[in-house]
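K.L.:
please work out how this folds:
(2 chains)
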Amino acid sequence: DGGITQSPKYLFRKEGQNVTLSCEQNLNHDAMYWYRQDPGQGLRLIYYSQIVNDFQKGDIAEGYSVSREKKESFPLTVTSAQKNPTAFYLCASSWFAEFNYGYTFGSGTRLTVV
Amino acid sequence: GQQLNQSPQSMFIQEGEDVSMNCTSSSIFNTWLWYKQDPGEGPVLLIALYKAGELTSNGRLTAQFGITRKDSFLNISASIPSDVGIYFCAGQPSNAGGTSYGKLTFGQGTILTVHP
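P.N.:
Alright, predicted model coming up:
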């Protein structure tokens, strides 16, 4: 079955360490997105990529980095420069030309920095 | 960036009650989407709307694309405990271009709690 997979579901890291969150999709979608969600809050866009080897900053890109070397994969690195990294991270994908059909979301990664 | 105003922010209801929530924008939208997020999971698309005035149902859920194209409504009838979660509206403004093309705008969500 096609879908979008985020791993791991839960991640614990010490303060000051970089950590990479995985996102893989087999839907053949062109575009991929990373969102951050804080408790009881909405979705804030971190980065998005509409095509391989290209990506754009979202509203809260500071302290994060991404790569898009393959169509299927869009990993997110939370760097030590991110001042408040503890949050729920959601990855999504869509057809670029038909994004108005909606995004498909992964099940999320909950990152806790101690 | 573009803002969507979603209300109410939260609702506490009894099982069996009907629920209404809405999203409004200062801009015209071409598409309205409604998502539900279960606790600890990613949002799942419930209903998609593409024409002004369109009324679409999915089981106990009914959503409408406002005539002005600046708002949308979601109704849930006869709520049950598994309706608990966060409901998000999302859409694509008609004037989006450049780097905004291809990006959906999301509302802040309505947190729904259903008491048995």
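
K.L.:
what does chain B put close to chain A?
P.N.:
Chain B comes close to chain A at residues B:1, B:30-31, B:33, B:35, B:40-45, B:48, B:50, B:88, B:90, B:92, B:99, B:102-104, B:106-109, B:111, as judged by C-beta under 8 Å from any C-beta of the partner chain. Glycine gets a C-beta too; all of them are placed from N, C-alpha and C.

K.L.:
report the buried members of those.
P.N.:
Neighbour counting with 16 or more other C-beta atoms under 10 Å in any protein chain shown marks B:30-31, B:33, B:35, B:42-43, B:45, B:48, B:88, B:90, B:92, B:102-104, B:106-109, B:111 as buried within those.

K.L.:
how about the strands in the chain?
P.N.:
Defaulting to chain A. Assigned by DSSP state E, chain A shows strands spanning A:4-7, A:10-13, A:19-25, A:31-37, A:43-51, A:54-57, A:64-66, A:76-78, A:87-94, A:104-105, A:109-113.

K.L.:
meant chain B, my bad for not saying
P.N.:
For chain B, strands defined by DSSP E occupy the ranges B:5-7, B:10-14, B:19-24, B:29-37, B:44-49, B:55-58, B:61-65, B:71-76, B:85-93, B:105-106, B:110-115.

K.L.:
I'd like those strands as TSV, with mean pLDDT appended.
P.N.:
Listed next are those as TSV, based on pLDDT from 0 to 100:
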stretch	mean pLDDT
strand B:5-7	95
strand B:10-14	96
strand B:19-24	97
strand B:29-37	94
strand B:44-49	96
strand B:55-58	96
strand B:61-65	98
strand B:71-76	97
strand B:85-93	92
strand B:105-106	90
strand B:110-115	96
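
K.L.:
indicate which one of those strands is closest to A:Ile51.
P.N.:
Comparing the strands of chain B against A:Ile51 with C-beta to C-beta, the closest turns out to be strand B:85-93 (18.6 Å).

K.L.:
so which elements touch the closest one?
P.N.:
Judged by 3 or more C-beta pairs under 8 Å, 6 or more residues apart in numbering or on different chains; DSSP states H and E, strand B:85-93 is in contact with strand B:19-24, strand B:29-37, strand B:71-76, strand B:105-106, strand B:110-115.

K.L.:
nearest spatial neighbour of A:Ala97, chain-adjacent residues omitted?
P.N.:
Leaving out its chain neighbours, the residue that sits closest to A:Ala97 by C-beta to C-beta, 6 or more residues apart in numbering or on different chains is A:Asp30, at 7.6 Å.
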